[in-house]
Every structure is written in C-alpha cells, then in structure tokens.
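Colleague: Fold the stuff below for me.
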Amino acid sequence: MRSRPLTRLLTAVLCAVGMLGVAGLSGCSSSPAGSSTKITVGFSAWPGWIPWQVAQEQGLFKKNGIEVDLKWFDSYTDSINALNSGAIDANCQTLNDTLSSVSGGAKQTIVLVNDNSTGNDKIIAREGISSVGDLKGKKVAVEQGTVDHYLLLLALAEAKLTEKDIELTPMTTDAAANAFLTGKVDAVGAFAPFTTTALGRPGSRAIATSAEFPGAIPDHLVFKAEIVKNNPQVVQAMVNTWFETTAWIKANRSQAMDIMSKRGGVSVKDYEAYDSGTSIFTRKQNLDAFTPGTTPQHLNHQARLASEFLTNTGLAKNPPNLDGLFDDTFVKAVKE
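Modeller: This is a model prediction of the structure:
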C-alpha cells in the first residue's frame, strides 16, 4: 500500500500528461448523474491521483453532474481502510492493495487505470551495494504491505533471493527514507518524493526500480461494488471527469502544475523532477489494459501474478476472487 504524509508524491503528473494526446477528450461529458447524488472519493499524494484536485478546483465534477466530496488522506493506508470499512465510496489505490482487500472479503471494482509506476518506486542502496544480489544479509527498511515492499520482493525473486535472505526492517516510508539517509540501514524501498530523501545519502544509488517490472504497479480508481451496480451513472460521470481533467491539464499546463504541486506540498521544480516515473494512461491505454491477455500490459495477467505473489509471501491469507474485479464499461462509454 502507498501510505504516509506525502504518500506517493505527485511527481510528474503534469509532464506525463503532456504526452497523453487526449486533447480530443475535453468534451467527454456524460449524462448527469443527478444533483442529489453525492459520493465521497479518497485520494492521496501520487501523480496518478493528484489530477483529481484539478477537477475539483476547475468545477469539472459539477460540470459532469456529480457532487463529490474529495477527501485527502495524509496516510494512504487510512484511505484503504476507509474504503474497506465503507467510510468512503471510492478510493485511489494500487492493484495489489485492491487485491489484498478483495482477498479479505471486500467487494470492490476497478473502473479506471490512472497510471503505471515507471520508475518512481525504487530500491536504493548504500555505497558498496551495486545489485539486488548484494542485499543478502543486509538491513533493508521498507513499509510492510506497501507497493515498495512488493517491489522489493519482486526484485529479490529475480535475484534468486527471498525476504529471509535479508534483514527486513519495517517502518513507515518517510521514516525508512530518513533511516537510510542517516546510515541506520543498508537499503530502502521507497517512492517519490522519499526517493529524493534517500538519494541524499552520499554514494547511494537505485539498484532496482518499477521501470524494470512493467505493469507491476498500476494505480486505479476503485469503487465499492454496490455503487457500480446500483448507481452506474455516478461512476460514469467520475470516469468522464477524469479524461476531461487530463485534457484540461494538457491545455493549461502551468496553472495545473501550480495546483498539483501545491496539493502535494512541494515546489513546482520538485514536482517536475519526477517526470518519467509515472505514466498517466490515455483512454486507449485503459482499454488495452482492461482487455484480457497474457502480457504485462494486461490487468488480468498482472492480477494473477500479484495474487500468487501476495499469497505465496503471506501478504494475503486467501487468493482474491478476480471475477468482476475489472469493469471497462465506463472507459468504453467515454466519448472521444
């Protein structure tokens, strides 16, 4: 899970969105969901989710006929728990976190792919450690159950190691980055902007990133299944608003950058520094991802791999039921 005060900091949203090619979607309004309908949507600091702040400030929810209580969570983990408990109606979260919730009995539906992490999640090691294989016997700090824990396990497996081969030091991501910076651990698993903190340690370097595991960390808009079933017009309006928002961002880059960097609590310069580490998905990329297949770009394929990994490592007690987890109805209905 992505958690903490700046959980997955807004990195290059804007820059990534600049490559979207979605300008033609600016008029993709849906039939109104009804002014009496209000939903609460959780989000936290990560580039695939910060654009919702733009939607709010530019009145795009209202334009699409929905009343949205956009709830910011300093702790991403709290947003996961809020959706699981029913305290909110939808949340922005990763695939593996959704799978963990579903394995525990939660009824949730993924309706939109916001982005893929393409480098902003990193395993960073001190001087003298040049590969993941060198982590054997070393002290590695990571927030347990998060996507960076997942990334660490993937990297270890590729190096023919397991979690038992390292000295795992569990702590929140911000604390882990600071522990690494001050020399208390040998390596850390973190996401931007905490990667910047960690890389402030002289001689440190990233020895593995999410860019090496294409499609492994997709980020989504996830609804309670009952809302998708009983109030689909609200879901449609949210999905339409997303694509209208990314089009607005592309057309108003400077203003959008100011909005998003402010929401994330960083400077515009820092915001721009994470450019290539997150790839915001176009409508076509969404459709390709939702289409069943056997390559990294396909969500059903990644879900099978993540499910096996979560159960094999004990991060999930039961295999999640993937039936009905992905619903591309709403992306398909967006008018170009």
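
Colleague: Pass me the low-pLDDT residue ranges in the stretch 101-250 of the chain, would you?
Modeller: Screening the stretch 101-250 of the chain residue by residue with the criterion pLDDT under 70, one finds no matching range.

Colleague: For Asn318, give me phi and psi.
Modeller: Dihedral angles of Asn318 (phi, psi; degrees, to the nearest 10) stand at phi -130, psi 150.

Colleague: for Leu95, what are its contacts?
Modeller: Listed by C-beta atoms under 8 Å, 6 or more residues apart in numbering, the contact set of Leu95 reads 110, 217-220, 299, 302-303, 306. For every residue, glycine as well, the C-beta is placed using N, CA and C.

Colleague: nearest to Thr329, of those?
Modeller: Nearest to Thr329 among the contacts of Leu95 is Ile110, at 11.5 Å by C-beta to C-beta.

Colleague: Now do the contacts for that closest one.
Modeller: Ile110 touches 95, 98, 220-222, 299, 325-327, counting by C-beta under 8 Å, 6+ apart.

Colleague: what is the residue positioned nearest the centre of the chain paired to in the beta sheet?
Modeller: Using C-alpha atoms, centre = their mean, the residue of the chain that lies closest to the mean C-alpha position is Asp219, 3.5 Å off. Residues in a beta bridge with Asp219, per DSSP bridges, are Thr94, Asp115.

Colleague: all helices in the stretch 101-250 of the chain, in order from the N-terminus.
Modeller: Across the stretch 101-250 of the chain, reading from the start of the chain, the helices by DSSP state H, counting those that start in this stretch fall at 147-158, 173-181, 194-198, 225-230, 232-251.

Colleague: elements contacting the first one?
Modeller: The one in question is helix 147-158. helix 95-103, strand 121-125, strand 139-142, strand 187-191, strand 205-209, helix 299-312 (3 or more C-beta pairs under 8 Å, 6 or more residues apart in numbering; DSSP states H and E).

Colleague: Would you point to the one among these that's packed deepest?
Modeller: Among the helices and strands packed on helix 147-158, ranked by average contacts under mean count of other C-beta atoms under 10 Å, first place goes to strand 187-191 (a mean of 31).

Colleague: neighbours of Thr182, just the number please.
Modeller: Taking other C-beta atoms under 10 Å as the neighbour definition, Thr182 ends up with a count of 9.

Colleague: do the same with Pro218
Modeller: The local packing of Pro218 (other C-beta under 10 Å) involves 25 other residues.

Colleague: Thr245: what's its closest spatial neighbour, skipping adjacent residues?
Modeller: Leaving out its chain neighbours, the residue that sits closest to Thr245 by C-beta to C-beta, 6 or more residues apart in numbering is Ala55, at 4.3 Å.

Colleague: check which helix or strand covers Val331.
Modeller: Take DSSP states H and E as the rule and Val331 turns out to sit in helix 329-333.

Colleague: name the helices or strands packed onto that helix?
Modeller: With contacts defined as 3+ C-beta pairs under 8 Å, 6+ apart, helix 329-333 has these neighbours: strand 108-117, helix 232-251, helix 283-290.

Colleague: and among these, the most buried is which?
Modeller: strand 108-117 (a mean of 26).

Colleague: and that strand, how far from the chain's centre?
Modeller: 8 Å (C-alpha atoms, centre = their mean, to the nearest Å).

Colleague: Quick one: work out the angle between that strand and helix 147-158.
Modeller: Taking axes from the mean of the first three to the mean of the last three C-alpha atoms, to 10 degrees, strand 108-117 and helix 147-158 form an angle of 70 degrees between their directions.

Colleague: angle of strand 108-117 against helix 283-290?
Modeller: What separates the directions of strand 108-117 and helix 283-290 is an angle of 120 degrees, with the same axes, to 10 degrees.
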